[in-house]
Every structure is written in C-alpha cells, then in structure tokens.
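J.: Sequence and predicted structure below; questions after.
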Amino acid sequence: MAKKLSLAVGSALHDLEIVEREDGSFTMRIGEDEHQVSMRRVGHGALHRLIVDGETSEVWVTRGEAGLDVFVGPDSHNVRIHRASGAAGGPEVAEGELAIVSPMTGAVVEVLVSAGDTVQKGDPLVVVVAMKMNNEIKAPVDAVVQAVNVTAADAVEQGDVLIVLEVAS
C-alpha cells in the first residue's frame, strides 16, 4: 500500500509517495525522482542508519517543538509530515504507521494498550515516570495499536518508539 504525504523540510514542501517493499525497505517517490530507502535505528537512542540508493549516512532524529529535528553530518533540518490531502481539523497525521515516541527519558510505569486495540484520540497509551512524575502518553488520533515496544519497568530515552499506531484516513 502506498502512503502519500507532504513533507515540509524547513520552508520547502515536498509531495512524496512511499511504497514498502517485502524486505522492509521502501521505494520513495519525490516528484519525478525515485529512490530506494532503508532506515534502521542504531541501539535505543536517536541515531539511525539511513541508506538511500546504496549510500549510507548516520542520521540523528529527535522530536522537536515543531516536528522532527533531523541531523545529517553538520546539517540540521526541521521536518514536519502532513497528510497529502491536507484534511482540515485535528492534527495532520499521515495515513499509515504513526510512531508514538517517549517525550522524555524515564521508566515505563504502565502500558495501557495491547496490539490490536482500537484507540480514540486522547486515550492514554502508556505511562512514563520521569523526575518522580507520572506522564500519560496519549493517542494523538483515532487508530489501531499495531505494536507495543515496551513493558512496565523498561527504561526509555527521549525519542524511543513506545507504541506504533496504524492510522486510517
């Protein structure tokens, strides 16, 4: 299934289509250009290995105040992902997978959902304790829980993927 997104990188807006391949990599079309892409997290932090058309780069990805902050070598980019259709109302989230990441370093106190559960916008997903405060991480949209990557008592770093949601349009 192809996912159509609008990707804002700085002030530039790019329409793209992503098709997942059987080996877990992706074919990405940006305008008329097509690229073979694979991205894997290295360890549990923000470091990722990005391979585009056979060229490998180390990429740091963190959640910033206005989207994702992506660092490739000395270059940094702010990246925001939107529905290609630009639906009005509510947060703009691409159809397909949505990674729910830890906004802080801490420990998982409680996991409130399981794979296959249907959640509504605002439903609590997981509780992370940081600095002796419990922080409920809530669903930003209506979705189905595709994967739960943590269990109670797991230590997490800021940016770690806690839950993966499947978002339908």
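T.: Looks like it arrived, so ask away.
J.: quick one: low-confidence parts of this structure?
T.: Low-confidence segments of the chain, defined by pLDDT under 70: 1, 10-11, 64-66, 81-96, 168-169.
J.: Just want the most central residue of it.
T.: Per Cα atoms, centre = their mean, the C-alpha nearest to the average position across the chain is that of Ala99, at 3.7 Å.
J.: can you tell me how far that one sits from Met133?
T.: 23 Å (Cβ to Cβ, to the nearest Å). For every residue, glycine as well, the C-beta is placed using N, CA and C.
J.: And Gly73, by the same measure?
T.: Using Cβ to Cβ, we find Gly73 at a distance of 36 Å from Met133.
J.: again with Val144
T.: Distance, Val144 to Met133, using Cβ to Cβ: 29 Å.
J.: Compare neighbour counts for these two and give me the winner.
T.: Val144 (14 against 9; other Cβ atoms under 10 Å).
J.: Centroid-wise, who is the farthest residue in the protein?
T.: Computed with Cα atoms, centre = their mean, the most peripheral residue in the chain is Lys132, at 26.4 Å.
J.: show me what contacts it?
T.: Residues counted as contacts of Lys132 (Cβ atoms under 8 Å, 6 or more residues apart in numbering): none.
J.: Kindly report the same for Leu68.
T.: Leu68 neighbours (Cβ under 8 Å, 6+ apart): Val61, Thr62, Asn78, Val79, Arg80, Ile81.
J.: can you rerun that using 7 Å?
T.: Contacts for Leu68 (Cβ atoms under 7 Å, 6 or more residues apart in numbering) come out as Val61, Val79.
J.: Run through the bridge partners of it.
T.: With DSSP bridges as the criterion, Leu68 is bridged to Arg63, Val79.
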